[in-house]
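*Asks:* need the 3D shape of this:
(3 chains)
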Amino acid sequence: MTSTLDPLPALVQLQQDVSSTVSAMRAATPLVHNITNLVVMHTTANALLAVGASPIMAHAEEELPEMLRFAAALVLNIGTLDTRWIAAMRLAGDLARQYDLPAVLDPVGAGASALRTETACTLLETARPAVLRGNASEIMAVAGTHAASRGVDSLCGSNAALEAARTLALRYGCVVSVSGEQDLITDGRMLLRIGGGSPLMTRVTGMGCTSSAITAACLAGARKAGCSALSGAAAGMAIMAEAGECAARHCAGPGSFLIHFLDSLATLTPADAAKHLIAAEPLC
Amino acid sequence: MTSTLDPLPALVQLQQDVSSTVSAMRAATPLVHNITNLVVMHTTANALLAVGASPIMAHAEEELPEMLRFAAALVLNIGTLDTRWIAAMRLAGDLARQYDLPAVLDPVGAGASALRTETACTLLETARPAVLRGNASEIMAVAGTHAASRGVDSLCGSNAALEAARTLALRYGCVVSVSGEQDLITDGRMLLRIGGGSPLMTRVTGMGCTSSAITAACLAGARKAGCSALSGAAAGMAIMAEAGECAARHCAGPGSFLIHFLDSLATLTPADAAKHLIAAEPLC
Amino acid sequence: MTSTLDPLPALVQLQQDVSSTVSAMRAATPLVHNITNLVVMHTTANALLAVGASPIMAHAEEELPEMLRFAAALVLNIGTLDTRWIAAMRLAGDLARQYDLPAVLDPVGAGASALRTETACTLLETARPAVLRGNASEIMAVAGTHAASRGVDSLCGSNAALEAARTLALRYGCVVSVSGEQDLITDGRMLLRIGGGSPLMTRVTGMGCTSSAITAACLAGARKAGCSALSGAAAGMAIMAEAGECAARHCAGPGSFLIHFLDSLATLTPADAAKHLIAAEPLC
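*Replies:* Predicted structure coming up:
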């Protein structure tokens, strides 16, 4: 007799869910509404188009109630926040909750300033995103744990944030996705690990922001496929790992990496992505 | 005896005008002033440089009266509009009219929100752009016709917008350029068709916005060459079709498509572009 | 007996300083804080990552006092200035002075509007940047000299700005770096010349802005290496010249140029850069 929590069957089931999620996302070409930072808008939009989703960027409060009616998922990214953008993100978060729209919160640079930490915590509280996705320092800062950061870069591996991720997941009923050499994803009960990718991903701007946007597209896909937000979050990071690994094999440096990365997003198969989910275990 | 409206001679004459327009644009390296959206600024600037024009991006109302004195054409693009940018676009539109500067209005997402539709209509009324360039849904929304859209993407082919385009062209004395699998361009009397391009152009962000900017450069070229705004609008879309087709032949996906597209903008000849004007017929 | 001002030894010493500066910059991966324009944010961030530095973009006044504590250098770039961004740049400049943070001011389009000229002059006065970096027209406009410009492009060679550069360097105790076919760099006493690069650098947007950002990274490197701001400014332009020259050898147009340029930033050696410092002579 095998327990349903036996790691191997859980892993196999989740790999299938990741694969179904990616397929369903591509079939639906979901509209992903982004209120994101000024540095990565262009890359984010191109990554969403390449992977098979459809990006919208709009931040005027006057039109958010209408624009979000079209959306299948929302991304809130505080990378270049200021008073006006915070207000737009607050409203969009409220609307997403009202419209039952799955949202991803990317707390870029949480811990680096009080404004960032507070804005991230407020949005987590009010928007109730399905997924909180950040690096270890950011997740620890949102959880109120001391974290070593330098500007917007994490100085910790993803494992350092495991306890913070579990706590936040349980407190807010969300999935927490921690990027790092190995990505950790948890809903507070299961812990998934995504392997692969490439160190070159740290030499190109906006890879974290892109992973948040693709995670949002995959949340829409997971809904279509009847899969969990945990599968959606895993699918997002698995796509990043696969495209990053392919791009690193073919590029000559960080410039050509980004080009190959976008090309790989378009050509990768659901199964290519799913194999990057390398571990699934219950958290005790 | 052949009528001057005989389709074949009209087509040949207009192809020559497109070719002359592209040549004159490159000879003049016109300064194109852009008040455009945050997603595509970078691509737009690079596309203008690649094709042989010179981009300026500036939106501060305090300096617009001075900055627009240098410009040979203006682009107003409402892609990421908000109160402040609308005010800047209003002022720039007024100045362009006062300075007799040819302008292109790109009503990104008109129909997707009241703010977008109203802003586009107001700018069309006040700035009196030489060219209104959008996809079928956007043109139909500006004309007040019901249109199927999804966010900022059109769900209609360009032909669906023909009547809306004709009406707007006659009402505002402008050229309307409708992008789609085949582009339609009309001044209300003649209807031009541009063929070519590639489906990959829908997998890269900002291709529509880029076509508006290149159209603006070509309006400056058309003036230099003594050609009509209709020829300028056709030249803009013909350049896009040629560069898109070349890029699609050489790329491995949407990432490398954009790179080849920019390279092709720099290397294409006026004749390469002109051959994409495939039909010119009077509208009855 | 050789004078210490003998041109050749000065050149050799400065080439060694440029090389040490680049090495020290890479060893330190300095955080470069950018308040820059909306067009080039993405390219600037990628260029800084590629060359071995770490970019931050943040402009909210509430967080600047905290964010700048992490920074090793600051870039102020007025390319798409408006009231709010000017206020952010004013504050960041004041903080940089207070924190003894080396800053680079890029007066994009100075001379093209009163707003730009005045903002550049005010920031030069208040932020006291270590380096003022612009094209000939911009430097001449900041110095109050008549300059021929067209929008944000210079119509003068860098030599035309030599006297303006010398005057500003002596008046403000800064280094002035004038980009052009040959770059001129002076602290008011020594004049350095950087050769190389490629005409294709004028066909890609943001190359000037990128050189300012890389100059900032090199100012941080120069401090680590115990070298002067003059060496830092020279290192920044030498890196640009080397990467531009490499990229031009391998590219097929302006699109692929930018990709090869980023790849070259990552692979160039300190000695590759240093050889582009081709002259060093005392100014009489």
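*Asks:* CA atoms for contacts and neighbours, from now on please.
*Replies:* Fine.
*Asks:* quick one: the helices in the stretch 151-284 of chain A?
*Replies:* Counting by DSSP state H, counting those that start in this stretch, the stretch 151-284 of chain A has helices at residues A:162-172, A:207-225, A:229-250, A:254-267, A:270-274.
*Asks:* can you put these in CSV and add mean neighbour count, distance to chain B and mean pLDDT?
*Replies:* Listed next are these as CSV, based on neighbours: other Cα atoms under 10 Å in any protein chain shown; distance: least, Cα to the nearest Cα, whole Å; pLDDT from 0 to 100:
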stretch, mean neighbour count, distance to chain B, mean pLDDT
helix A:162-172, 20, 30, 97
helix A:207-225, 28, 14, 98
helix A:229-250, 27, 11, 98
helix A:254-267, 25, 4, 98
helix A:270-274, 21, 17, 98
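*Asks:* show me what the nearest residue to A:Glu66 once chain neighbours are set aside is bridged to.
*Replies:* Distance criterion Cα to Cα, 6 or more residues apart in numbering or on different chains; nearest residue to A:Glu66, sequence neighbours excluded, is B:Ser113 at 5.8 Å. Counting by DSSP bridges, B:Ser113 is bridged to B:Ala110.
*Asks:* which one is A:Ile259 nearest to, not counting chain neighbours?
*Replies:* B:Gly255 (4.5 Å).
*Asks:* ok so, going back, quick one: residues contacting the residue nearest to A:Glu66.
*Replies:* A:63, A:66-67 (Cα atoms under 8 Å, 6 or more residues apart in numbering or on different chains).
*Asks:* one more: A:Glu242?
*Replies:* Counted by Cα under 8 Å, 6+ apart, A:Glu242 has contacts A:196-197, A:268, A:272-273, A:276.
*Asks:* so which of these comes closest to chain C?
*Replies:* Comparing the contacts of A:Glu242 against chain C with Cα to the nearest Cα places A:Gly197 closest, at 17.7 Å.
*Asks:* measure the closest one to A:Gly157 for me?
*Replies:* Plainly put, A:Gly197 is 15 Å away from A:Gly157 if you go by Cα to Cα, to the nearest Å.
*Asks:* again, but for A:Ala229
*Replies:* 24 Å.
*Asks:* for A:Gly188, same thing?
*Replies:* 19 Å.
*Asks:* please apply the same query to A:Leu277.
*Replies:* Distance from A:Leu277 to A:Gly157, by Cα to Cα: 18 Å.
*Asks:* ditto for A:Val22
*Replies:* Distance of A:Val22 to A:Gly157, given as Cα to Cα: 27 Å.
*Asks:* of those two, which one has the most company?
*Replies:* A:Val22 (32 against 17; other Cα atoms under 10 Å in any protein chain shown).
*Asks:* does that one really touch A:Gly221, like I thought?
*Replies:* Yes: with contact defined as Cα atoms under 8 Å, A:Val22 counts as touching A:Gly221 (6.4 Å).
*Asks:* which residues does the residue nearest to A:Ile259 contact?
*Replies:* Residues near B:Gly255 by Cα under 8 Å, 6+ apart: A:46, A:50, A:258-263, B:204.
*Asks:* where exactly do the strands run in chain A?
*Replies:* Along chain A, counting by DSSP state E, strands occupy A:31-35, A:54-57, A:73-77, A:103-106, A:131-135, A:149-150, A:153-154, A:175-179, A:183-186, A:190-194, A:277-282.
*Asks:* could you point out which of those strands sits nearest chain C?
*Replies:* strand A:149-150 (6.5 Å).
*Asks:* show me what A:Val75 is bridged to.
*Replies:* On the basis of DSSP bridges, A:Val75 is bridged to A:Asn34, A:Val104.
*Asks:* show the contacting residues for it.
*Replies:* A:Val75 sits in contact with A:32-36, A:103-106, A:212-213, A:216, where contact means Cα under 8 Å, 6+ apart.
*Asks:* please report how far it lies from A:His33.
*Replies:* 6 Å.
*Asks:* go on, A:Val40?
*Replies:* 14 Å.
*Asks:* now do A:Leu91
*Replies:* 13 Å.
*Asks:* those two: which is more packed in?
*Replies:* A:His33 (29 against 20).
*Asks:* low-scoring pLDDT stretches of chain A, where are they?
*Replies:* By pLDDT under 70, the weakly predicted segments of chain A are A:1-8, A:146-155.
*Asks:* swap in 80 and give it another go.
*Replies:* For chain A, the stretches with pLDDT under 80 are A:1-8, A:146-158, A:284.
*Asks:* what parts of it come near chain C?
*Replies:* Counting by Cα under 8 Å from any Cα of the partner chain, chain A comes close to chain C at A:38-40, A:42, A:79-83, A:112-115, A:150-152, A:203-205, A:252-256.
*Asks:* pull out the buried members of those.
*Replies:* In those, burial by neighbour count holds for A:38-40, A:42, A:79-82, A:112-115, A:150-152, A:203-205, A:252-256, counting by 16 or more other Cα atoms under 10 Å in any protein chain shown.
*Asks:* how about the contacts made by the nearest residue to A:Ser54 once chain neighbours are set aside?
*Replies:* Among residues not flanking A:Ser54 along the chain, A:Leu31 sits closest, at 4.7 Å (Cα to Cα, 6+ apart). Neighbouring residues of A:Leu31 by Cα under 8 Å, 6+ apart: A:53-56, A:70-73, A:217, B:151.
*Asks:* among those residues, who's most crowded?
*Replies:* A:Ala217 (38 neighbours).
*Asks:* next, the contact list for that residue, please.
*Replies:* A:Ala217 touches A:25, A:30-32, A:48, A:53, A:72-73, A:236, counting by Cα under 8 Å, 6+ apart.
*Asks:* what's the closest of those residues to A:Thr167?
*Replies:* Nearest to A:Thr167 among the contacts of A:Ala217 is A:Gly236, at 21.7 Å by Cα to Cα.
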